[in-house]
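**Q** sequence plus predicted model, see below.
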Amino acid sequence: MTFMNSLNSCLVSYRLVAVTATHPVYSQRLLGSRAVWANPSLVDASAWMVRLVNEPMLRSTLDSRATASIAAREKEANRGLILDELIAISESLLRMPSFQSQKARLLALERQLARGDRRRAARHRIARFIKWHPHSKLNARFHKH
């Protein structure tokens, strides 16, 4: 949603709800009990769909604007500007309390894996996390096993 706004997209209202997915990546065990995601309004979404079908000019305008926004964002990415933004986000995450609790959950998960836990797929998620957070102490601990 980085490039999306009310001028180039069909934004819908939403309600934040607790994550209840059964896929392990979205489990409360990994994300924490306070994890939420946006549950979109089906009424809003269907109203947009009807408008887009019935108003070809609106559809075309939004398409052009979205295409331009995506191209501009891609141009920024190609120049490397987005890397500065990602580095700033990564550095701020390390100081956030929510990151500290996530790191603690991942360490607990790692201990379970070391004991032969059946959830070997979690090791892949931990490795991905470490790849994006190379300054984490978790990185050194993970590679000892």
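**A** Alright, I've got the coordinates.

**Q** list the contacts of Ser69.
**A** Applying CB atoms under 8 Å, 6 or more residues apart in numbering, we find Ser69 in contact with Phe3, Met4, Asn5, Asn8. Every residue, glycine included, has its C-beta placed from N, CA and C.

**Q** for these, which one is nearest Ile82?
**A** Phe3 (11.5 Å; CB to CB).

**Q** not counting residues beside it along the chain, what's closest to that closest one?
**A** Among residues not flanking Phe3 along the chain, Ser69 sits closest, at 4.0 Å (CB to CB, 6 or more residues apart in numbering).

**Q** so how far is Lys75 from the one you found?
**A** According to CB to CB, to the nearest Å, Ser69 and Lys75 sit 11 Å apart.

**Q** which stretches of the protein have low pLDDT?
**A** By pLDDT under 70, the low-scoring segments of the chain are 1-2, 93-100, 113-145.

**Q** residue ranges of each domain in the chain, please.
**A** The chain breaks down into these domains under automatic domain parsing: 1-79, 96-145.

**Q** count of neighbours near the nearest residue to Trp48 once chain neighbours are set aside?
**A** Using CB to CB, 6+ apart and skipping the chain neighbours, the partner closest in space to Trp48 is Cys10 (4.0 Å). Cys10 is flanked by 17 other residues according to other CB atoms under 10 Å.

**Q** Leu106 too?
**A** Other residues close to Leu106 by other CB under 10 Å number 21.

**Q** in which helix or strand does the residue nearest to Phe3 reside?
**A** Assigned by DSSP states H and E, Ser69 belongs to helix 56-79.

**Q** next secondary structure after that helix?
**A** helix 81-95.

**Q** neighbours of Asn39, how many?
**A** Asn39: 11 surrounding residues under other CB under 10 Å.

**Q** how about it, what does it touch?
**A** Applying CB under 8 Å, 6+ apart to Asn39 gives the contacts Tyr14, Arg15, Leu16, Val17.

**Q** which of those sits closest to Met57?
**A** The closest of the contacts of Asn39 to Met57 turns out to be Tyr14 (CB to CB; 26.9 Å).

**Q** show me where the chain has strands.
**A** In the chain, the strands defined using DSSP state E lie at 14-18, 36-40.

**Q** and the last one, how far from the chain's centre?
**A** Using CA atoms, centre = their mean, to the nearest Å, the mean C-alpha position of strand 36-40 is found 12 Å from that of the whole chain.
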